[in-house]
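Student: just the structure for this:
(one chain, ligands or ions: 1)
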Amino acid sequence: MQSRFVKADAEAMVARYGEARVSRDLALRVYTTRLLGADPRLVLHGGGNTSVKTRTPDLMGREVDVLCVKGSGADMATIEPAGLPAVRLAELRELRAREALSDEDMVRLQRANLIDPLAPNPSVETLLHAFMPHKFVDHTHSTAVLSLIDQPDGEARAAEVYGSRMGIVPYIMPGFWLAKRAAEIYEANTAAHGLILHKHGIFTFGDSAEAAYERMIEMVTLAEAALRRGRRAVFASASTPPSPASAGGRGMLRLAEAAPIVRGACALKDTANGAHRRLVLEFRSGDAVLNFVNGADVKRYATAGVVTPDHTIRTKNWPLVLEAPQAGREFAARTTAAAAAFLESYRRYFARHNARCGGVKTMLDPLPRVVLVGGLGLFGLGRSKKDAKIAADLAQAAVETITDAEAIGCFESISEADMFDCEYWSLEQAKLGVAKELPLAGQIAAITGAAGAIGAATARAFAAAGAEVALLDVNEAAARSVAQAIGGAALAVRCDVTDAASVQAGFDRVVENFGGVDIVVSNAGAAWQGRIGEVDETILHQSFDLNFYGHQRVAQAAVRIMRAQGTGGCLLFNTSKQAINPGPNFGPYGLPKAATLFLARQYALDHGADGIRANAVNADRIRSGLLSDAMIAERAKARSLTPAAYMSGNLLGREVTAEDVAQAFLAQALALKTTADVTTVDGGNIAAALR
Ligand SMILES: [Zn+2]
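Tutor: Numbers count the residues shown, from 1 in each chain. Predicted coordinates:
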């Protein structure tokens, strides 16, 4: 591993932060923390921490000795000085004399000794940092070090590689006891440059930021060299993976065909009220992943446990392992059975260890967070796309770590009881009741015509309600700018609903990205006019192609995915006042919209048994691409009204906005017992009222 320390960069950071009155010590601590955090082979998603012992004025202006240690929630790659809260060092060190200290008391004492009471919680490894005498302490979960030590004889291997340069600490869960034991081991050999924490990671020390960092690089490089010595090829393939086949043919299912089956199997089904607990997927593949998932022995090494304990809350202790998704070989049935076995096994694991802990723990959802699929790759799963990506990142790091561990020996994790203690750590459990999820968390919504006023407002409303949103539009650039404004994982997809191949490709893209789809807002449309006794038939065909067949193509593509998932779904159609109450010379627009209103009812009827609901929103007089400012001015003039009076010409006397329509779609998505409904959003128009 190459050092990325550059003296000039370090000094530049000292100068830059110096202007903001950040001390040299802390600026250098930020610099090397970012170097460590930027390398996924060292640190992933909160899996590491650093500290510096320095002096700082407290809120009363008195200089005190402090430990600035990474706070929970800070990302090392982008950390700022505020991400390293200062804690009174003498008080932390005093705790070493205690006979025992519960995790709750440890956190309370750490908070009580913060210089700034508004600072984030210091890391759970704070005491270990405090008990070491060195000014700078660095900690990572280096994959190379883990490959070396995640072995039955990992401690002996570490001793062979490092000799007396590193102290070796047996596995203990992070917290007070680990800090005490680590301090004792260091004190038995104060010449050591750091500590190897068996089956957990590595600490290095230094009197300067550079020294601690360079020692980390040096020790990781020694582990990398050890992994190259005596290495053997690993993971003979179970069989040659089948080659992808065209739909319906022999061979392997495509990702877009397999993902909804996996996602549906990894959902908790509550058939009583139609609510499902669903997860979002993130797919990864490549040579290393395929070599791993295709191995003949994959069930053994993939389910042997986590590579370092803090992965467990993100990935659970073992993945769901599936064989290659061969077409015509009942992949769906076998996936359902394998997922059910996973849930059962997880529930038994919880019961076993909860009994050991006195029955006080609350079970987390038993769904897998990583799924390995032979021939295809791996999925990370999460309640949001962000969590799914984190699970996938950690799963890829585990693939690398386990592959290298098997190449030099035999991968071995911590015990099941130790994994349970990390997964069900009391401080994590305490957060359970507090965190409230948004109503559409875990759901994927696809919106067509998403670059238009109503589509964009609907995408924003669904994202705000916790759904992951895919914005489909014939104008991909416009959809992308709406997606960027929403932020998060919002996805822009080009989709022309008048082209069956484009609809198929668009939904494939949504599924490849998120794993499936739960809600579709079929919104794309455009207006054509013409007096019905004279209008050219081509105009009618064009309008029907977009305003009726467009909805049918979208709904049919969605239903295929929803049925593969087997967790129901929701189809929402944007119809129009014209579908109920025709306007003069608007037949070419109103006729296909009337057919679409009945299309919603037909879907409700034919697919209610699949748990798929179908509803429509019947809106009128919304400022949008269909009703431009010029059209509003023209119509207002024809009625001798101002544009504002025309727009609010309804029973309530209020203009109806795209946001109002979006809220109606959202209400329909949330109403789990409502199907074949038409919701009117027009401010009140008796002539257009449904009867
Ligand atoms: Zn750690």
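Student: low-confidence regions, the stretch 201-350 of the chain specifically.
Tutor: Within the stretch 201-350 of the chain, the stretches with pLDDT under 70 are 236-250, 271, 328-329.
Student: now do 90
Tutor: Where the stretch 201-350 of the chain drops to pLDDT under 90, the residues are 229-252, 269-275, 310, 313, 326-330.
Student: from residue 299, how far off is the closest residue to residue 370 other than its chain neighbours?
Tutor: In this structure, residue 370 finds its nearest non-sequential neighbour in residue 319, 3.8 Å apart by CB to CB, 6 or more residues apart in numbering. The way it works is simple: take the backbone N, C-alpha and C, and place the C-beta from them, glycine included. Relative to residue 299, residue 319 is positioned 10 Å away (CB to CB, to the nearest Å).
Student: these two: who's more crowded?
Tutor: More neighbours surround residue 319 than the other of residue 319 and residue 299, with 24 against 12 (other CB atoms under 10 Å).
Student: I'd say that one and residue 380 touch.
Tutor: No - assessed by CB atoms under 8 Å, residue 319 is found out of contact with residue 380, at 9.7 Å.
Student: shared neighbours of those two, anything?
Tutor: Common neighbours of residue 319 and residue 380 (criterion: CB atoms under 8 Å, 6 or more residues apart in numbering): 369-370, 395.
Student: can you tell me which of these is nearest residue 406?
Tutor: Set against residue 406, the nearest of these by CB to CB is residue 395 (16.0 Å).
Student: wait, is that closest one part of a helix?
Tutor: Yes - looking at residue 395 with DSSP: H, G, I helix; E, B strand; the rest coil, it is inside a helix.
Student: show me the contacts for the nearest residue in space to it that is not next to it in sequence.
Tutor: Spatial nearest neighbour of residue 395, chain neighbours left out: residue 370 (4.4 Å); criterion: CB to CB, 6+ apart. Contacts for residue 370 (CB under 8 Å, 6+ apart) come out as 315-316, 319-320, 378-381, 391-392, 394-395, 398.
Student: kindly recompute the last result at 10 Å.
Tutor: Residue 370 is in contact with 284, 302, 311, 314-316, 318-321, 378-381, 388, 391-392, 394-396, 398-399, counting by CB atoms under 10 Å, 6 or more residues apart in numbering.
Student: with residue 434 instead?
Tutor: Shown in contact with residue 434 (CB under 10 Å, 6+ apart): no residues.
Student: what about it, distance to residue 427?
Tutor: For residue 434, the distance to residue 427 - CB to CB - is 12 Å.
Student: returning to that earlier point: ChimeraX command for the buried members of the contacts of residue 370?
Tutor: Applying 16 or more other CB atoms under 10 Å to the contacts of residue 370 leaves a buried subset, and the ChimeraX line that selects it is:
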select :284,302,311,314,315,316,318,319,320,321,378,379,380,381,388,391,392,394,395,396,398,399
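Student: out of the contacts of residue 370, which are inside helices?
Tutor: Among the contacts of residue 370, DSSP state H puts 302, 314-315, 388, 391-392, 394-396, 398-399 in helices.
Student: ok, back up a step: I'd like the shared contacts of residue 319 and residue 380 as TSV, with pLDDT and distance to residue 586 appended.
Tutor: Output for the shared contacts of residue 319 and residue 380, formatted as TSV (pLDDT from 0 to 100; distance: CB to CB, whole Å):
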residue	pLDDT	distance to residue 586
369	97	52
370	98	53
395	97	54
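Student: what sits in contact with each of residue 319 and residue 299?
Tutor: residue 372.
Student: need the contact list for the residue nearest to residue 370.
Tutor: 293, 298, 302-303, 342, 368-372, 378-381, 391, 395, 398.
Student: can you check residue 556 too?
Tutor: Contacts for residue 556 (CB under 10 Å, 6+ apart) come out as 500, 503-504, 507, 603.
Student: mind checking the pLDDT average for stretch 428-443?
Tutor: Mean per-residue pLDDT for stretch 428-443: 82.
Student: residue 407 belongs to a helix?
Tutor: Yes - remark: residue 407 belongs to a helix, assigned using three-state DSSP.
Student: and it, what does it touch?
Tutor: With CB under 10 Å, 6+ apart, residue 407 has these contacts: 147, 227-228, 230-235.
Student: by neighbours, which of these wins?
Tutor: In the contacts of residue 407, the most neighbours by other CB under 10 Å go to residue 147, 27 neighbours.
Student: buried residues in stretch 583-602?
Tutor: Neighbour counts over stretch 583-602 (16+ other CB under 10 Å) mark 586-597, 599-601 as buried.
Student: looking at the residues you listed, which is nearest residue 29?
Tutor: residue 600 (59.8 Å).
Student: just checking, what packs against the helix or strand containing that closest one?
Tutor: Taking DSSP states H and E as the criterion, the element that holds residue 600 is helix 587-607. Judged by 3 or more CB pairs under 10 Å, 6 or more residues apart in numbering; DSSP states H and E, helix 587-607 is in contact with strand 519-522, helix 537-544, helix 550-565, strand 569-576, strand 612-619, strand 678-681.
Student: and the fourth one, what does it pack onto?
Tutor: This means strand 569-576. strand 444-448, helix 453-464, strand 519-522, helix 550-565, helix 587-607, strand 612-619, helix 658-670, strand 678-681.
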